[in-house]
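Colleague: Mind looking at a prediction? Sequence and model below.
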Amino acid sequence: MAGNQFINIFAREVMRNMTRLAMAFGIKKGIDVLATRGKDPARMTPEERAAAAKTQRSAREAVKRARQAARITRRIR
């Protein structure tokens, strides 16, 4: 019985970590696509590249603030 419980807890933790990694990967790729508007950075003008970099920074900052807000909200509950 105890071995089965350990396996369930371990499997749950592995799934949680895999989901977390997949979400982080998807968020990063989504920000990149949003910032570059689907264009290849090598084919962009310098102005477009600068705008994309600025958009990426601001989007990552927004994600960071959203995570902070979620963390604070969980503590309050």
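Modeller: Received it, and whenever you're ready, just let me know what you need.
Colleague: From the chain's centroid, how far away is the lengthiest helix in the chain?
Modeller: If you go by DSSP state H, the chain has its longest helix at helix 2-36. Helix 2-36 has its C-alpha centroid displaced from the chain centroid by 10 Å (Cα atoms, centre = their mean, to the nearest Å).
Colleague: From here on, call the first residue 19.
Modeller: In the new count, where the first residue is 19, that last one comes out as helix 20-54.
Colleague: quick one: low-confidence parts of the chain?
Modeller: Applying pLDDT under 70 to the chain picks out residues 19-20.
Colleague: coming back round to it: just checking, what packs against the longest helix of the chain?
Modeller: Under the contact criterion of 3 or more Cβ pairs under 8 Å, 6 or more residues apart in numbering; DSSP states H and E, helix 20-54 touches helix 64-94. From N, CA and C alone the C-beta is placed, and that goes for glycine too.
Colleague: ok, back up a step: list the buried residues for the longest helix of the chain?
Modeller: Buried residues in helix 20-54, defined by neighbour count with 16 or more other Cβ atoms under 10 Å: Ile49, Ala53, Thr54.
Colleague: most centrally placed residue in this structure?
Modeller: Ala42 (3.0 Å; Cα atoms, centre = their mean).
Colleague: From Met36, how far out is it?
Modeller: 11 Å (Cβ to Cβ, to the nearest Å).
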